[in-house]
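J.: how would this look folded up:
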Amino acid sequence: MGSLHEGHAQLIRRARAECGVVAVSVFVNPTQFGPGEDLSRYPRDLERDLRLAGDAGADVLFHPEAEAMYPPGHATTVQVGGVSGPLEGESRPGHFDGVATVVLKLLNLVGPQRAYFGEKDWQQLAVVRRMVRDLSVPVEIVGVPTVRGASGLALSSRNSYLTPQQRERATVLSRALRAVQSAAASG
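T.: Got it, this is the predicted structure:
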């Protein structure tokens, strides 16, 4: 959705290593934001996104306007049953319908052989994989490991909303996961 960071650069570099042509989409998708969510203030910096994408190896940056993706009278959405309902789907009704719809539209417009998604948004990745499988979309969905900052916090465009204190508190999950991983590894 833009406001690209090192996690996105990792996706682009992985695609560059595996593909002949790398296209990156930057589109803040209004259909995946619910009432009262941060659509109007979602971070946007297209010039920075262009630089980061180019430096990471992108050949093309696709940045459509919302009106091009959702023309007047647009009435079709994609709903992926099962995997989109629990977890984030419970607290953000319709969010994954918006994600699935725009991803299908982008895949249809660009026609890639592979599409790269970060594992940070695990449920979103699961929704996209199920949609591609169920609708026989001829694309391989490639999951790429989460990129974390030095503190352990997963990189996210929305991290810019956090105060220093909130950033510190947000690392509790990664610390807990590392502790569990270490405990499991030591039996």
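
J.: show me what the longest helix anywhere in the chain is packed against.
T.: Using DSSP state H to define each element, the chain has its longest helix at helix 95-110. Contacts defined by 3 or more CB pairs under 8 Å, 6 or more residues apart in numbering; DSSP states H and E place helix 95-110 against strand 23-25, strand 60-62, helix 88-91, helix 122-134. Every residue, glycine included, has its C-beta placed from N, CA and C.

J.: could you look up the SS state of V142?
T.: What DSSP: H, G, I helix; E, B strand; the rest coil gives for V142 is strand.

J.: for the closest residue in space to it that isn't next to it in sequence, phi and psi?
T.: Distances taken as CB to CB, 6 or more residues apart in numbering put Y116 closest to V142, at 4.9 Å, once the chain neighbours are dropped. For Y116, the backbone dihedrals (degrees, to the nearest 10) come out as phi -110, psi 130.

J.: would you format the helices and strands packed on helix 95-110 as TSV with distance to K105 and mean pLDDT included?
T.: Below are these laid out as TSV (distance: least, CB to CB, whole Å; pLDDT from 0 to 100):
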stretch	distance to K105	mean pLDDT
strand 23-25	10	97
strand 60-62	11	97
helix 88-91	20	94
helix 122-134	12	98
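
J.: measure the residue nearest to V142 to T146 for me?
T.: Using CB to CB, to the nearest Å, one gets 13 Å for the distance from Y116 to T146.

J.: which one of these two has more residues nearby?
T.: Y116 (21 against 16; other CB atoms under 10 Å).

J.: now the helices for the chain?
T.: 6-18, 46-56, 66-69, 88-91, 95-110, 122-134, 164-170, 172-185.

J.: tell me which other helices or strands the third one touches.
T.: Yep, that's helix 66-69 we're talking about. Using 3+ CB pairs under 8 Å, 6+ apart as the contact test, no helix or strand touches helix 66-69.

J.: use 34 as the first number from now on
T.: In the new count, where the first residue is 34, that last one comes out as helix 99-102.

J.: with just CA atoms, put that helix into CSV.
T.: Taking C-alpha atoms only, helix 99-102 is exported to CSV below (Å, rounded to 0.1, in the frame of the first residue of the first chain):
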residue,chain,number,x,y,z
ALA,A,99,-8.6,4.7,-6.7
GLU,A,100,-11.1,5.8,-9.5
ALA,A,101,-9.2,3.6,-12.0
MET,A,102,-9.4,0.5,-9.7
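
J.: fine by me, thanks again.
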